[in-house]
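>>> just a sequence and a predicted model for now, questions to come.
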Amino acid sequence: MAKFKTLDDLPADLTGEVALVRVDLNLPMKDGSATDVTRVEAVKPTILELAGRGAKVLLLAHFGRPGGQRSSMLSTSMVVGDVEAVLGKEVMFIPEITGPVVVQSVESILRAGDIGLLDNTRFWPGEEGNDPNFAQAIAAHGTLYVNDAFSAAHRAHATTEGLAHFLPAYAGRSMEAELKALDAALGAPQAPVAAVVGGAKVSTKLAVLEHLVGKVQHLIIGGGMANTFLAARGVDVGKSLCEHDLAETVSRIMDEADKAGCTVHLPYDVVVAKEFAANPASLRTCNVHEVALDEMILDLGPQAVEALADVLKTCRTLVWNGPLGAFETEPFDAATVALARTAAALTLEGSLVSVAGGGDTVAALAQAGASDDFTYISTAGGAFLEWMEGRELPGVSALES
């Protein structure tokens with residue numbers, strides 16, 4: 001994998017240093033406080049380590065989409081209380097990102113080991129425009145730059161990419177763990193490799209599928225995407241969610257998989273119903289060729305799941321993005337839960353390296369009670385998908401030494 005510096009490459013004593021640390025504090029809010037602080041938990045080790053080693057820590061984060069305009073509702077001051085609660089330390093809010101207010105805070109108020117949070121980086125148009133003058137002005141307040149926001153690494157912004165050109169740059173602990181896990185999953189994985197790709201639409205994951213067929217030995221298709229693949233093979237999927245116009249594209253992907261020696265796994269039994277509701281009266285399991293015109297496929301059947309579990313038992317690496325069925329509604333979470341538990345058990349016994357990512361995936365694995373046993377779960381959405389597409393992430397490239 002590409003070489004990048006981590007906190008281990010810094011001196012043990014950081015007294016006198018000012019660390020500019022890019023974090024993701026874009027937290028879901030309700031009534032003025034965060035409903036989920038997972039993102040703060042992720043960056044806590046980096047922040048506390050830098051502060052514990054004597055650095056003054058200045059946190060850089062975006063919050064919402066203010067589009068280069070100030071808005072009191074989108075100020076990072078909204079999350080200071082949540083950040084303090086997770087860190088167990090006081091955090092000083094600094095209502096600017098450059099200039100005399102920041103200088104005064106760093107030089108006169110913050111002491112070694114103290115933490116400051118600058119205002120929303122996206123209040124300034126130079127952030128999303130990756131303006132080098134803006135990045136240089138921010139860099140003037142620090143002596144080193146740490147990026148611990150993998151979730152924003154697919155953006156070439158001033159605080160995710162630009163700063164690395166003006167200060168010595170390091171990966172934070174969360175970024176380091178993410179990059180190591182991703183390298184183990186697709187960079188230099190142990191074969192055979194399986195990929196589970198689910199979700200509603202093929203169209204949103206075309207680039208992912210095209211990249212994976214050349215990288216993995218087993219491609220497991222689930223969710224509404226499986227219906228599109230089945231339809232392309234001539235299966236009548238009734239009134240299931242299906243992108244019939246992508247038949248040609250899907251056929252091409254299957255041909256490419258064939259040439260690359262990648263087996264595409266589609267279900268041969270499915271769970272169907274006439275209406276999409278919890279435990280509907282019309283619920284039944286049938287062969288994929290027996291779906292009636294007024295029925296929709298809402299999950300993979302038990303035989304398909306058993307066959308997929310057998311596939312995972314032959315694999316050494318698994319990368320997972322997207323649920324296998326309409327998992328938010330019972331009983332259409334059964335396939336996702338069962339396969340996730342198999343993957344978790346194989347990981348626990350040491351025979352499988354399992355890496356998963358994406359919002360729905362994180363929720364589905366949590367529902368299965370499998371999250372803690374996977375090797376690594378990425379909470380990054382867009383960045384994880386772009387990585388699965390094989391694209392270069394600007395925030396990661398900038399750290400390469």
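Structure's in. What do you need?
>>> which secondary structure state is assigned to Val146?
strand (DSSP: H, G, I helix; E, B strand; the rest coil).
>>> distance of it from Gly16?
Remark: distance between Val146 and Gly16 (CB to CB, to the nearest Å) = 16 Å. Every residue, glycine included, has its C-beta placed from N, CA and C.
>>> next one: Asp148
21 Å.
>>> who has more neighbours, the two?
More neighbours surround Asp148 than the other of Asp148 and Gly16, with 27 against 10 (other CB atoms under 10 Å).
>>> where does pLDDT dip in the chain?
Regions of the chain meeting the criterion pLDDT under 70 cover residues 1-2.
>>> one more time with 80
Under the criterion pLDDT under 80, the flagged ranges of the chain are 1-2, 359, 401.
>>> helix/strand/coil for the residue of the chain positioned farthest from its centre?
Largest separation from the mean C-alpha position in the chain: Ser108, at 38.4 Å (CA atoms, centre = their mean). For Ser108, the secondary structure call by three-state DSSP comes out as helix.
>>> if I look at it, how far off is Val196?
For Ser108, the distance to Val196 (CB to CB) stands at 54 Å.
>>> same check on Ser203?
18 Å.
>>> next one: Met175
25 Å.
>>> next one: Gly224
With CB to CB as the criterion, Gly224 and Val196 are 14 Å apart.
>>> kindly report the same for Ile94.
In terms of CB to CB, Ile94 sits 43 Å off from Val196.
>>> looking at these two, which one has more neighbours?
Val196 (27 against 22).
>>> part of a strand, is the more buried one?
Yes: under three-state DSSP, Val196 sits within a strand.
>>> in contact with it, which residues?
Ile220, Gly222, Leu318, Val319, Trp320, Asn321, Gly322, Leu324, Leu339 (CB atoms under 8 Å, 6 or more residues apart in numbering).
>>> same check, this time on Asp373
Contact analysis of Asp373 by CB under 8 Å, 6+ apart lists Ala344, Ala345, Thr347, Leu348.
>>> rerun at 6 Å
Residues counted as contacts of Asp373 (CB atoms under 6 Å, 6 or more residues apart in numbering) are Ala344, Thr347, Leu348.
>>> just His289 next, same as before
His289 neighbours (CB under 6 Å, 6+ apart): none.
>>> please redo it, this time with the cut-off set to 8 Å
Residues in contact with His289 (CB under 8 Å, 6+ apart) are Val235, Asp236.
>>> which stretches in the stretch 1-150 of the chain count as strands?
Ranges of strands in the stretch 1-150 of the chain, per DSSP state E, counting those that start in this stretch, are 18-22, 29-30, 33-34, 56-60, 91-94, 115-118, 144-147.
>>> so which of the ones you listed gets nearest Ala334?
Of all the strands of the stretch 1-150 of the chain, strand 29-30 sits nearest to Ala334, with 30.8 Å by CB to CB.
>>> if you count contacts, what does the closest one end up packed against?
Here strand 29-30 touches no other helix or strand, going by 3 or more CB pairs under 8 Å, 6 or more residues apart in numbering; DSSP states H and E.
>>> TSV for the strands of the stretch 1-150 of the chain, including distance to Ala304?
Converted to TSV, those look like this (distance: least, CB to CB, whole Å):
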stretch	distance to Ala304
strand 18-22	43
strand 29-30	39
strand 33-34	39
strand 56-60	46
strand 91-94	49
strand 115-118	48
strand 144-147	41
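>>> Asp333 is nearest to which of these?
Checking the strands of the stretch 1-150 of the chain against Asp333 by CB to CB gives strand 29-30 as the closest, at 25.0 Å.
>>> got the contact list for that closest one?
Residues from elsewhere that reach strand 29-30 (CB under 8 Å, 6+ apart): Thr35, Met78, Val79.
>>> residues contacting the last one?
If I follow you right, that is Val79. Leu25, Leu27, Met29, Ala34, Val40, Ala61, Phe63, Leu117.
>>> gap between the closest residue to the fifth one other than its chain neighbours and Thr314?
The one in question is Val40. Nearest non-adjacent residue to Val40, counting by CB to CB, 6 or more residues apart in numbering: Val86, 4.2 Å away. Distance of Val86 to Thr314, computed by CB to CB: 41 Å.
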